[in-house]
Structures are given as structure tokens and as C-alpha cells.
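**Student:** The sequence and its predicted three-dimensional model are supplied below.
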Amino acid sequence: MSAVLDPVSATRLAPLDTVRVAGRIGAEVRGVRLGADLPAAVFTAIRQALDQHKVLFFRGQHHLTDAAQQDFARLFGDVVPHPTVPSRDGTQVLELDSQHGGRANSWHTDVTFDVAYPKVSVLRSVVIPPHGGDTVWANTATAYADLPAPLKGLADTLWAVHGNDYDYAATRVKAADDEGLRRYREVFTSRIIEAEHPLVRVHPRTGERTLVAGHFVKRFIGHSSLDSANLLSIFQRHITRLENTVRWRWAEGDVAIWDNQATQHYAIDDYGDQHRVVRRVTVAGEAPVAVDGSVSRVHVSR
């Protein structure tokens, strides 16, 4: 259930101690202990900061358990599990463990193969290597805003098929773990899920136009595989320009919250055999709405 504010408390937002991490995306929030018991005004201030900065970082949240992380995430809306990968026992928490394939080292927005993919992701660090393993986020709203006018015009008309055939969480399992990789892929693709999304969606809270791309894109509707790959490359390069990104060096107990409707992210796989474990909770989102008012839909293979 989302936090409910009365009109008086809504006008008295708690001041947040925020420090911007990069010029276009990302801010660290200090002095806040995350939990389901946050005062409504504090949560509203966090929600508005998320609208502005797209990703927020909180150090030292060692008190959070899986259940507490999930309860906190519910302030943003209904918590949803991954569509195919099992959650941790008794929760809707997805664990990404580097020793079991959890290396999401490709640019993506979470679960865009679903029609109404998550609107918010809450990620908690559990085991962090002494070096390496940073995560980078990109702002897909500023990426769209910076497009030349002809590319904006093209982007506004494009629709893409997204599918879960590509599994970012199992792409870097060690070769020796072929059986584990095979089992993981069987689970991930136990049912194929595909959605058709506009390349440009109107953000339901801010009204910004954001780009919906990333590695779950299979092809653009009405375009060949070759042209689709070239088109995706053009827009991905604009999204992941360094000016649009922020990089976070994790410490154990950190929490990152991001607007999954206005960002992509990439977990850097540069830590070798060191162990890295993070746990993610996602919040149900709305089906994207294109600039012409059309709504995303389930893709039916023909």
C-alpha cells in the first residue's frame, strides 16, 4: 500500500539532506533510516527527490532484513515478484548472487518484457567485494531531451518487441557451471514473455518523455533485424553517454532506489571470482503510454 498523506502534512515536506552525485542523475540521501515506519512527509520528500534525481542512494542501512526491505518498498505501491525467477523463501525478493549467475552486466531497464513493468526498484547490498562491482545508471529522460529534432521525431513513432529470451542474470556463469547455467535458463524461459512498447513513453508522474530500450529489445516493429539492431544502437548510445550516467561504489548495507520508468542500469562485472550479493524488490508499474496516447500491449507471435 502506498503512503497516504493528508493535505496538511503533504505541504510540510521533511527536509532531506541530499548530495548530488552526478550532474544529471543520482543523489545520496543522508540521515534517513529506511523502513515501513517512515513518517509520511519524509516518504513524500523521498518520492519527490526520486522524481527529480531518478536514483537515490542510502548508506548504512544494515538494519534492513529481506522482510523489512520488502515492507519499505510497499510504500511505493504493490510489490511484485520476478515473473519467472523464484524469489527468496517467503518473500518477493530477488537475489542476484555472483556465484550463481547474478551478474547483470548489460544495459537494461528491469523486466521490460512485461507489459506493465516495474515502476520502482529497491536494491540492497549484502556482500560486496573489496574492489569492483559498481553499478551505473543512465537517465533516459535527459537522453530523450538531448536528441536532435529529427531523431526525436523518429523515436516518437517507433515501437519495439521486448522479450525475456535474453537473461542478463545468467549470462556470465562460469563455463564449468554448465549444468547450473542450463537449469537457470530453463527456469528463466519456462514461459516466454513478450511485450510491445513504444520507444518513447510519457512518464506517469513527471510528464517527461523517456526512452524505453535496453537489452530486452528484440526488434522494432516494421523493421528488419539488421535495421532494428542499428536503430537500437543509435538510441542506446544517446542513453548511455557519460553525461547521462552516475556510477555508485557500493558498501555493504547500501540501498539504491531507482525510477525504473526513467532509467537504465548496468552492473559492472570487473571483480573476478570475488563474491557479490545484492537483493532486489520491485514495485508494480503501469503499462507505458506513447506520445500519441497508445498503450503498451502483449506481443502475440504471428
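**Tutor:** Done, it's in. Numbers count the residues shown, from 1 in each chain.

**Student:** part of a strand, is D227?
**Tutor:** No: if the criterion is DSSP: H, G, I helix; E, B strand; the rest coil, then D227 is helix and not within a strand.

**Student:** Count the residues that sit near the nearest residue to H62 once chain neighbours are set aside.
**Tutor:** Spatial nearest neighbour of H62, excluding adjacent residues (C-beta to C-beta, 6 or more residues apart in numbering): G253 at 4.0 Å. Yep, even glycine has a C-beta here, placed from its N, CA and C like the rest. By other C-beta atoms under 10 Å, the residues close to G253 number 16.

**Student:** how about the strands in the stretch 51-200 of the chain?
**Tutor:** In the stretch 51-200 of the chain, the strands defined using DSSP state E, counting those that start in this stretch lie at 55-58, 79-80, 94-97, 120-127, 135-139, 159-163, 194-198, 200-202.

**Student:** tell me the mean pLDDT for the last one?
**Tutor:** Okay, so that is strand 200-202. Averaging pLDDT along strand 200-202 gives 98.

**Student:** Contacts for stretch 144-164, please.
**Tutor:** Outside of stretch 144-164, the residues within contact range by C-beta atoms under 8 Å, 6 or more residues apart in numbering are 83-84, 112-113, 188-189, 192-200, 208-213, 216-222, 228, 231-232, 234-235, 238, 241, 244, 290-292, 299.

**Student:** quick one: L75 and R201, what's the gap?
**Tutor:** Per C-beta to C-beta, to the nearest Å, L75 is found 23 Å from R201.

**Student:** again with I192
**Tutor:** I192 is 23 Å from R201, by C-beta to C-beta.

**Student:** Those two - which one has more neighbours?
**Tutor:** Between I192 and R201, counted using other C-beta under 10 Å, R201 has the larger neighbour count: 24 against 13.

**Student:** How about the contacts made by that one?
**Tutor:** With C-beta under 8 Å, 6+ apart, R201 has these contacts: R209, T210, V212, Q261, P288, V289, A290, S296.

**Student:** The fifth one and V295 touch, don't they?
**Tutor:** Spelled out, that is P288. Yes: P288 lies in contact with V295 (C-beta atoms under 8 Å); the separation is 7.2 Å.

**Student:** Compare those two (neighbour count), which wins?
**Tutor:** For the pair P288 and V295, the greater number of neighbours falls to P288 (25 against 15), based on other C-beta under 10 Å.

**Student:** Setting aside sequence neighbours, what's the nearest residue to that one?
**Tutor:** Using C-beta to C-beta, 6+ apart and skipping the chain neighbours, the partner closest in space to P288 is R201 (3.7 Å).

**Student:** From the contacts of R201, keep the buried residues only.
**Tutor:** Using 16 or more other C-beta atoms under 10 Å as the burial test, the contacts of R201 include R209, T210, V212, Q261, P288, A290, S296 as buried.

**Student:** all helices of the stretch 201-302 of the chain, in order?
**Tutor:** In the stretch 201-302 of the chain, helices defined by DSSP state H, counting those that start in this stretch lie at 225-239, listed in chain order.

**Student:** What score does the residue nearest to H62 have for pLDDT?
**Tutor:** For G253, the predicted pLDDT is 98.

**Student:** Next, work out how far apart it and A143 are.
**Tutor:** For G253, the distance to A143 - C-beta to C-beta - is 31 Å.

**Student:** mind checking how far the residue lying closest to E252 once chain neighbours are set aside is from L158?
**Tutor:** The spatially closest residue to E252, leaving aside those adjacent along the chain, is I128, at 5.0 Å (C-beta to C-beta, 6+ apart). Distance from I128 to L158, counting by C-beta to C-beta: 38 Å.

**Student:** wait, what's in contact with R247?
**Tutor:** A22, D134, T135, V136.

**Student:** Now do it, the pLDDT please.
**Tutor:** So, for R247, pLDDT stands at 98.

**Student:** quick one: it from V127, how far?
**Tutor:** Separation of R247 from V127 (C-beta to C-beta): 20 Å.

**Student:** L34 too?
**Tutor:** On the measure of C-beta to C-beta, L34 and V127 end up 19 Å apart.

**Student:** again with T112
**Tutor:** Per C-beta to C-beta, T112 is found 27 Å from V127.

**Student:** That'll do, ta.
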